[in-house]
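1. A structural model of the following input is requested.
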Amino acid sequence: MHKCRRTAVAAMLLVVATACTQAHTAGPSRGPTTAAPPPPTTPPTPTPTPTPSGRSAVAAAALSSLPKASDAELAQAPHMTVVHAYDLPAGWHVHSFGAWLDADYAVFEAVETTSDPSLDISELWIVRLSDGALREIPKADPASTIANDTISDGWITHLEKTPAPETACPGGAQAGCYSWKMYAIRASDGTSTLLAQSPHPQDQAHIPLVNAHDGLFAWQQTDDNGKTYAAMDWRPDTSAPVRLTSSPKQATVRTDGKHVYIEQSVLEKDGSRSDSVISVLGPDGTPRPIATYRGPCCADVKDGVIAYMTGDRSGDGAVSVAPSDQATQAQLTDASPSFHGFGIYTVNVVDDHHLYISTVKGDFLTDTQHPGTPVTITPDLDSMTDSHADHGLIANPVRHQNGLDTLFILSVN
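-> Just a heads-up that it's a prediction; the model follows:
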């Protein structure tokens, strides 16, 4: 993209701040702060990344399109505030991986769609929550596509994948053959460094999916032999990722900022649910099982709780919570669910007693301490991407009926 065009895009990002409270009694907001987090004491050696000179403009747009919870719902449901709403320029969309956020920034893959999908443009967008300032990060390799982005404590892991001939993948590739590179990017200035990369091309299903919380990043990647999977973690004050353990089976990785958890699942033939085992990795990398459950994958683990789904992904289901510090393996059940719904596909721990749940019928916020009627977040809008939560904040991208995208930043009070 030409620099003048990139500047225009930055200037078109609309910001609506601190508006639309959905509560009768709002407590102190835990929304974004204006101060950027200080950089780590020993960050990776950065490489300058081009950024546009433009900044976003402030506009007086209304949030009337965001549905409000009824009085009856608010009587038993958690309170929530819309602290920011960012309207993307026409033609630009938040990619299906959704947006991640920390206290100061939201990050996501922005895609400019054209009549020819092969000409679509995708970039990493970093939005500063205090004023909506936009930084656009072009792909390191124009031939690559963005796989996923994650942010915590002012640092981003940015992963790009590049197509390779299927013959280059050992044993073939059912989901396409790719090589990948992972970059660490400092959100405050866009500087970046190469953090990890694939030893050889591999099936797209084996590309790392990074999880992060409280400055700890974790993921699983294939070992050099291509037959086993290594759980990795990284903190920005260290120069390189640390290999924790190796397993012959692929797993979902989660972190609560102190520990790394792996969830290994055996999927039923119809794909509706799995038998899953959640383990915490010890200091020496040894996995210790702490919970098992039967239901759709995958659980979220942070803020002292495991939030997991039971039932059928394409039918009736439930979401329940359990403490994550159990000393011995426990069979988790849905005896006392915090939420019932149809077609539940993701659950996010917002804080120690709030869950953000996405279903085919809309997105919901529920309080595990008072599991009454949940607050409906987006029944009339298209929540077309994954939502992510951290420290009482939720990044919720929606698509309006006119085709325009808005990134809502919600705060639980």
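
2. tell me the bridge partners for I357.
-> Residues in a beta bridge with I357, per DSSP bridges, are V347, F364.

3. I meant to write R135 there.
-> With DSSP bridges as the rule, R135 is bridged to I126.

4. look at it and report its pLDDT.
-> R135 is assigned a predicted lDDT (pLDDT) of 91.

5. what about it, how many residues nearby?
-> If you count neighbours by other C-beta atoms under 10 Å, R135 ends up with 23. Using the backbone N, CA and C atoms, a C-beta is placed for each residue, glycine as well.

6. make sure it is actually in contact with V107.
-> No - using C-beta atoms under 8 Å, R135 makes no contact with V107, being 9.5 Å away.

7. what residues are shared contacts of those two?
-> 125-126, 187 (C-beta atoms under 8 Å, 6 or more residues apart in numbering).

8. and the residues you listed as JSON lines, adding distance to N148 and neighbour count?
-> Shown next, in JSON lines, are these (distance: C-beta to C-beta, whole Å; neighbours: other C-beta atoms under 10 Å):
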{"residue": "W125", "distance to N148": "14", "neighbour count": "25"}
{"residue": "I126", "distance to N148": "15", "neighbour count": "25"}
{"residue": "A187", "distance to N148": "16", "neighbour count": "25"}
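
9. turn the residues you listed into CSV, columns for pLDDT.
-> Converted to CSV, the shared contacts of R135 and V107 look like this (pLDDT from 0 to 100):
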residue, pLDDT
W125, 94
I126, 93
A187, 96
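
10. what about the protein, any weak spots by pLDDT?
-> 1-79, 271-272, 326-329, 335, 378-385 (pLDDT under 70).

11. out of all residues in it, which is the farthest from the middle?
-> The outermost residue of the chain relative to its centre, with distances by C-alpha atoms, centre = their mean, is T167 at 32.2 Å.

12. let me know the secondary structure of that residue.
-> Secondary structure of T167, reduced to three states by DSSP: H, G, I helix; E, B strand; the rest coil: helix.

13. ok, and the closest non-adjacent residue to it?
-> C177 (8.0 Å; C-beta to C-beta, 6 or more residues apart in numbering).

14. likewise for T113?
-> D120 (5.5 Å).

15. surely that neighbour meets H95?
-> No - contact criterion C-beta under 8 Å: D120 and H95 do not qualify, at 10.3 Å.

16. between those two, who's got more neighbours?
-> Neighbour totals were compared for D120 and H95, and H95 leads with 20 against 14 (other C-beta under 10 Å).

17. mind listing the helices for this protein?
-> Along the chain, counting by DSSP state H, helices occupy 3-12, 71-76.

18. dihedrals phi and psi, P248?
-> phi -80, psi -10 (degrees, to the nearest 10).

19. so who does it touch?
-> With C-beta under 8 Å, 6+ apart, P248 has these contacts: 227-229.
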